[in-house]
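[1] Okay, structure incoming, though there's no sequence with it:
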């Protein structure tokens, strides 16, 4: 974030002598020869694929995210996670820098990160990889091509040093001499269990705006020129070095955490993305050579971007000879939408929309507007309702635009007096300033209350484009429909249109085909009022510039809907129990008054603990496939049933003769390629599942078995080291198990 006073400031080594462009070019050319020599050794453990070949689909739900940060001496990683969880956040963006790990030890924050998993609802978290320690910093001054910024005084690089040494040793371990590779490996090793997205450097393209915003054909534009190292204030090194760091992160993350994603580090300019997609990590000039065969897009799964629309909501009028401002929440949302679409256009330009290469998803890891007017900048708007409304609308539009996650900046304000606000970034918090407070003394901002309301009411509800179209919203209205599969909730508002004004009004009536004769209406502050709602009789309501969350009600006697949850896999002896969950059951016109869990069949290896509870534990004594029925009754006498299946695997079953002769995977252990052999007298469809020892599904494939023996190749190169259980299922009960050991 520009001007974030909470950002850590790395220790840097400054060099007084500035290389001439001629000497710099000669130096880089020599460096390229040395690097090419070092890369002739095979990268022993690099994955056998890139993002040009495949990107694992991200199937996580939208989670309402926020950025963590340094909140003062009374707050550590656990207590700031407590704040995020209190606000209703479902995912967190954090930074854990190399200099911190060098100072306190590689595992120094492990307990804090475990706290996320064990004590909060924070999942699929983001980390931005950043800030080398002094000994790990390449402090060379790079100024070729020269800076386009008038008065820009060249400074030393902030990049990691030795990044062009080999990533891997001959034995397959990470080469610790490559300082960035060593840092990434440390993060994945100690903290990877609590992370999903790895951003490479925070805002690598931040600059004064000229090169990044210059249009095609203008001097110094990044569509036709590489950025000057000195114009990238957060890096100050050649862009090819940044691509090299993306390549390093991609290889290590996908080797040791194959279901995670490598992302750009919150970029702000589509011009910078254009550079990443056309240059390689060749340190000389970013060109393609045998040692640098692929452009940067091959090493990025997801594009992470930042947008601060408060800086952009104005246009210059030649007729009036002045800026025309649109400083209101809907104009800011329009800027957010334009920024999202501009990155998608760049990806499509290079074939990363599924036409040539796998489509790259988007996440936004920083956005917001201020809640206080800055006394030193009268062009910026800042009021609590402006900020609150923008946050709510941006959350809705992220899901409409299929931005997979959105992280608001920031967790807490950094200044206390709104009448003396000097920094817009210090007025973007979900909480008021907490620097001198202790846990339990914190208070919400309006934005924080609205954030909690949205999270509480919409987590688990997915955007429904079809239902949104059916709303037929008028030109002065906006919003979206969300569903959890049985219940629809709507976020609706009247669009703001005047500068410095959040007032707007419209009247809306739900289509008659929806049969709503009552509306539950939640205001923005319902999150701290026990989700209190008002009831509108009929299907009409008045809208304002502040979004409402509405649930339609049909008072007719409609059928109750049972939901027994999703099928599960349990691995013993690591775990001997799990939970059956029927809380997804729903009565449209009443409330559920009775639950009943029963076994389907005559299984003897399982026990239901509390069969009349909506959530009950079930215990297991042996492996098998166990099926259960849930019956529910509502207050109007309606009833319904649903079914769920739990597969219990026994990790102690290895190569038993009766199973090994029927099903085997060889060689075992296998590193990259293996072969499946499955033998029995049946023919038809056989499905292979591969689970890790915690029961998490890593792989699924279906085969047609037409003879006594099914033989098929199996690629295991994308599985990390460790033990796995392979399950071959054929028919209702034909299944076999074999332990797969990967080195």
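    Ah, there it is. The shown structure was predicted, so the numbers you read here are calculated from the model rather than taken from an experiment.

[2] how about the strands in the stretch 151-300 of the chain?
    Secondary structure of the stretch 151-300 of the chain (DSSP state E, counting those that start in this stretch): strands at 195-200, 261-264.

[3] Can you tell me which of those strands is nearest to residue 543?
    strand 195-200 (35.1 Å; CB to CB). Glycine gets a C-beta too; all of them are placed from N, C-alpha and C.

[4] Just give me the longest helix of this structure.
    In the chain, taking DSSP state H as the definition, the longest helix is helix 329-349.

[5] Identify all contacting residues around the helix or strand following that helix.
    Downstream of helix 329-349, the first helix or strand assigned by DSSP states H and E is strand 362-367. Strand 362-367 is contacted from outside by 1, 65, 67, 93, 126, 128, 197, 199, 263, 266, 302-309, 336, 340, 343-344, 394, 398, 401-409, using CB atoms under 8 Å, 6 or more residues apart in numbering.

[6] Show me how this structure divides into domains.
    For the chain, the domain assignment from automatic domain parsing gives the residue ranges 21-52+62-457, 461-553, 568-650, 657-742.

[7] now these in a markdown table, with mean pLDDT?
    As requested, the domains of the chain are exported to a markdown table (pLDDT from 0 to 100):
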| stretch | mean pLDDT |
| --- | --- |
| domain 21-52+62-457 | 92 |
| domain 461-553 | 95 |
| domain 568-650 | 89 |
| domain 657-742 | 75 |
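
[8] taking those together, which one is wrapped up most tightly?
    For the domains of the chain, the largest average neighbour count (mean count of other CB atoms under 10 Å) is found in domain 21-52+62-457, namely a mean of 20.

[9] Would you agree residue 134 is in contact with residue 99?
    Yes. Contact criterion CB atoms under 8 Å: residue 134 and residue 99 qualify, at 7.2 Å.

[10] rewinding a little: got the domains of the chain as a markdown table, with distance to residue 562 columns?
    Below are the domains of the chain laid out as a markdown table (distance: least, CB to CB, whole Å):
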| stretch | distance to residue 562 |
| --- | --- |
| domain 21-52+62-457 | 23 |
| domain 461-553 | 10 |
| domain 568-650 | 4 |
| domain 657-742 | 23 |
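
[11] Compare those and give me the one nearest residue 560.
    domain 568-650 (4.2 Å).

[12] returning to what we had before: out of the domains of the chain, flag the one nearest residue 559.
    Of the domains of the chain, nearest to residue 559 by CB to CB is domain 568-650, at 5.5 Å.

[13] Can you get me the centre-to-centre distance for the closest one and its chain?
    Relative to its chain's centre, domain 568-650 lies at 31 Å (CA atoms, centre = their mean, to the nearest Å).

[14] Endpoints of it, how far apart?
    14 Å (CA to CA, to the nearest Å).

[15] One more: stretch 615-628?
    13 Å.

[16] Do a quick rundown of the helices in the chain.
    Under DSSP H, the chain gives helices at 21-38, 77-86, 98-104, 110-119, 179-191, 210-213, 239-256, 270-278, 329-349, 384-400, 446-458, 465-471, 657-660.

[17] any chance of those in CSV, plus distance to residue 568?
    Conversion of the helices of the chain to CSV gives the following (distance: least, CB to CB, whole Å):
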stretch, distance to residue 568
helix 21-38, 48
helix 77-86, 25
helix 98-104, 36
helix 110-119, 19
helix 179-191, 27
helix 210-213, 48
helix 239-256, 26
helix 270-278, 40
helix 329-349, 36
helix 384-400, 27
helix 446-458, 25
helix 465-471, 29
helix 657-660, 23
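
[18] can I assume residue 152 is in contact with residue 231?
    Yes. Under the criterion of CB under 8 Å, residue 152 makes contact with residue 231 at 7.1 Å.

[19] thinking again about what came up before, now do the longest helix of the chain: which elements does it pack against?
    Helices and strands touching helix 329-349, by 3 or more CB pairs under 8 Å, 6 or more residues apart in numbering; DSSP states H and E, are helix 270-278, strand 303-307, strand 362-367, helix 384-400.

[20] how far off helix 446-458 does the last one point, in degrees?
    Following axes from the mean of the first three to the mean of the last three CA atoms, to 10 degrees, one obtains 30 degrees for the angle between helix 384-400 and helix 446-458.

[21] Then the third one?
    Strand 362-367 runs at 150 degrees relative to helix 446-458, counting by the same axes, to 10 degrees.

[22] Please renumber the chain so that the first residue is 447 from this point on.
    With 447 as the first residue, the last one maps to strand 808-813.

[23] Strand 808-813 pairs with which strands, parallel or anti?
    Neighbouring strands of strand 808-813 in its sheet, by DSSP bridges, are strand 749-753 (parallel), strand 849-854 (parallel).

[24] Same list (those strands) but as a markdown table, adding distance to residue 1077.
    Shown next, in a markdown table, are those (distance: least, CB to CB, whole Å):
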| stretch | distance to residue 1077 |
| --- | --- |
| strand 749-753 | 46 |
| strand 849-854 | 37 |
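
[25] wait, which of those strands is closest to residue 946?
    Taking CB to CB, strand 749-753 is the member of the strands paired with strand 808-813 nearest to residue 946, at 20.3 Å.

[26] and the closest one, how far out from the chain's middle?
    The chain centre lies 11 Å from the centre of strand 749-753; the measure is CA atoms, centre = their mean.

[27] repeat for stretch 610-617
    The answer for stretch 610-617 is 29 Å, by CA atoms, centre = their mean.

[28] Just the terminal-to-terminal distance for it.
    Distance across stretch 610-617, first residue to last, is 19 Å (CA to CA).

[29] With stretch 907-920 instead?
    24 Å.

[30] Please list all residues in contact with the closest residue to residue 581 other than its chain neighbours.
    Distances taken as CB to CB, 6 or more residues apart in numbering place residue 548 nearest to residue 581, at 7.5 Å, with adjacent residues excluded. Contact analysis of residue 548 by CB under 8 Å, 6+ apart lists 579, 581, 582.

[31] For the last one, list the residues it contacts.
    The neighbours of residue 582, taking CB under 8 Å, 6+ apart as the test, are 544, 545, 548, 606, 607, 625, 626, 629.

[32] now the residues you listed as TSV including distance to residue 820?
    Listed next are these as TSV, based on distance: CB to CB, whole Å:
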residue	distance to residue 820
544	33
545	31
548	36
606	35
607	38
625	39
626	37
629	36
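
[33] Perfect, that will be all.
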